[in-house]
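Participant: sequence unknown, structure follows:
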């Protein structure tokens, strides 16, 4: 298994988010990726390579799954924020919800505060001086891993992505995510010859962004196991009745689970998700790997233990598909490395 990573992820250092009505320390810290990198190296799973970051290539690929105006905004957001006289991280203060005009044909705001509000959907995803370079490097890892697998190496590849990506939608960012790495990998696999691709999202939170990217497409199946959105972020997507639209009808599968879900219930949902991948006749697979399903995760409420993660990898491996694994969530820094490596070990046999 080849792992792709970039030290540029460390330039993204979100300091705070708004959670439970308080301004709190941000859990999406550089130590997360560094812990995974150390664990992957210690496990000796295969080559660990620093990705060569080509911003022009990433921007071109990103425009295939995101609104190009969103990509342009993210690229220039920090400069616009500084031009407004701010030297701290940027967060929106208002959102265009029902009753506000934006979205019905009215002009997009000119001020950076209004622009943030029109592109970002929460108060948990700040933009700082290193956010865009890190997001570009993270996306480059996903693209490199997809290219590795498309090259018919016979083994899976791991994109050690940070920041994560599965909440980033075609026209919005949020949920700690800026560019959708899993969607980029899936689209790359399609362009490299896989006629049908599946994205299996096993993060604790619904992969709303990936669902939105492929909502009307029949060539990419999206499957997400996650906490019931009636109880958990992102709240407004991830219900079982959401199955796609138009040509994509039936190619979106949501498997929402109750808070406190343990291994038995979670693994049964995994089996259902894997069956959907098989029924799709996928020729390649992208796994959006969040290990915030762990019982000790500080912001999540499932009850998987470290011993379960190799079993997840083994069940995915049984599909026999060319597989790209893209890192998403997981905020128990002391356990994230072991849990991610558990999945990768099971996947690589």
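Facilitator: Alright, I've got the coordinates. None of these values were measured; they are calculated from a predicted model.
Participant: which pLDDT value does the model give residue 108?
Facilitator: Residue 108 is assigned 85 on the pLDDT scale.
Participant: so it makes contact with residue 118?
Facilitator: Yes: contact criterion CB atoms under 8 Å: residue 108 and residue 118 qualify, at 5.7 Å. Where you see a C-beta, it was placed from the backbone N, CA and C, and this is true even at glycine.
Participant: more neighbours: those two, which one.
Facilitator: More neighbours surround residue 118 than the other of residue 108 and residue 118, with 21 against 13 (other CB atoms under 10 Å).
Participant: I'd say the more buried one and residue 109 touch.
Facilitator: Yes: using CB under 8 Å, residue 118 makes contact with residue 109 at a distance of 6.1 Å.
Participant: list the buried ones in stretch 70-79?
Facilitator: Residues of stretch 70-79 classed as buried: 70, 71, 73, 74, 75, 77, 78 (neighbour count, 16 or more other CB atoms under 10 Å).
Participant: could you dump the residues you listed to CSV with secondary structure and pLDDT?
Facilitator: As requested, the buried residues of stretch 70-79 are arranged in CSV below (DSSP: H, G, I helix; E, B strand; the rest coil; pLDDT from 0 to 100):
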residue, secondary structure, pLDDT
70, helix, 97
71, helix, 98
73, helix, 97
74, helix, 98
75, helix, 98
77, helix, 98
78, helix, 98
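Participant: mind listing the helices for the stretch 201-349 of the chain?
Facilitator: 208-213, 263-279, 309-317, 333-348 (DSSP state H, counting those that start in this stretch).
Participant: any idea which of these is most buried?
Facilitator: Among the helices of the stretch 201-349 of the chain, helix 208-213 has the highest mean neighbour count (mean count of other CB atoms under 10 Å), at a mean of 27.
Participant: what's the angle between the longest strand anywhere in the chain and helix 263-279?
Facilitator: In the chain, assigned by DSSP state E, the strand with the most residues is strand 220-227. Here strand 220-227 runs at an angle of 170 degrees relative to helix 263-279 (axes from the mean of the first three to the mean of the last three CA atoms, to 10 degrees).
Participant: report the distance from strand 220-227 to the chain centre.
Facilitator: 12 Å (CA atoms, centre = their mean, to the nearest Å).
Participant: partners of it in the sheet?
Facilitator: strand 197-201 (parallel), strand 252-257 (parallel) (DSSP bridges).
Participant: what ranges in the stretch 51-200 of the chain fall below the confidence cut-off?
Facilitator: Scanning the stretch 51-200 of the chain for pLDDT under 70 picks out 101-104, 153.
Participant: can you show me the strands along it?
Facilitator: In the stretch 51-200 of the chain, the strands defined using DSSP state E, counting those that start in this stretch lie at 157-159, 197-201.
Participant: want to throw the ones you listed into JSON lines with mean neighbour count and distance to residue 190?
Facilitator: As requested, the strands of the stretch 51-200 of the chain are arranged in JSON lines below (neighbours: other CB atoms under 10 Å; distance: least, CB to CB, whole Å):
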{"stretch": "strand 157-159", "mean neighbour count": "30", "distance to residue 190": "16"}
{"stretch": "strand 197-201", "mean neighbour count": "29", "distance to residue 190": "6"}
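Participant: beta partners of the closest residue to residue 16 other than its chain neighbours?
Facilitator: The shortest distance from residue 16 to any non-neighbouring residue, by CB to CB, 6 or more residues apart in numbering, is to residue 23 (5.1 Å). For residue 23, the beta-bridge partners under DSSP bridges are residue 18.
Participant: report the mean confidence score over stretch 236-256.
Facilitator: Stretch 236-256 comes out with an average pLDDT of 98.
Participant: just the buried positions in it, please.
Facilitator: Buried residues in stretch 236-256 (16+ other CB under 10 Å): 237, 238, 242, 244, 248, 251, 252, 253, 254, 255, 256.
Participant: ditto for stretch 218-227
Facilitator: In stretch 218-227, counting by 16+ other CB under 10 Å, buried: 219, 220, 221, 222, 223, 224, 225, 226, 227.
Participant: can you put those in a markdown table and add pLDDT?
Facilitator: Listed next are the buried residues of stretch 218-227 as a markdown table, based on pLDDT from 0 to 100:
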| residue | pLDDT |
| --- | --- |
| 219 | 98 |
| 220 | 98 |
| 221 | 98 |
| 222 | 98 |
| 223 | 98 |
| 224 | 98 |
| 225 | 98 |
| 226 | 98 |
| 227 | 98 |
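Participant: what's the most distant pair in these?
Facilitator: 219 and 227 (28.1 Å; CB to CB).
Participant: tell me the angle the longest helix along the chain makes with strand 197-201.
Facilitator: The residue-count maximum for a helix in the chain (DSSP state H) belongs to helix 131-150. Compare the direction of helix 131-150 with that of strand 197-201 by the same axes, to 10 degrees and you get 130 degrees.
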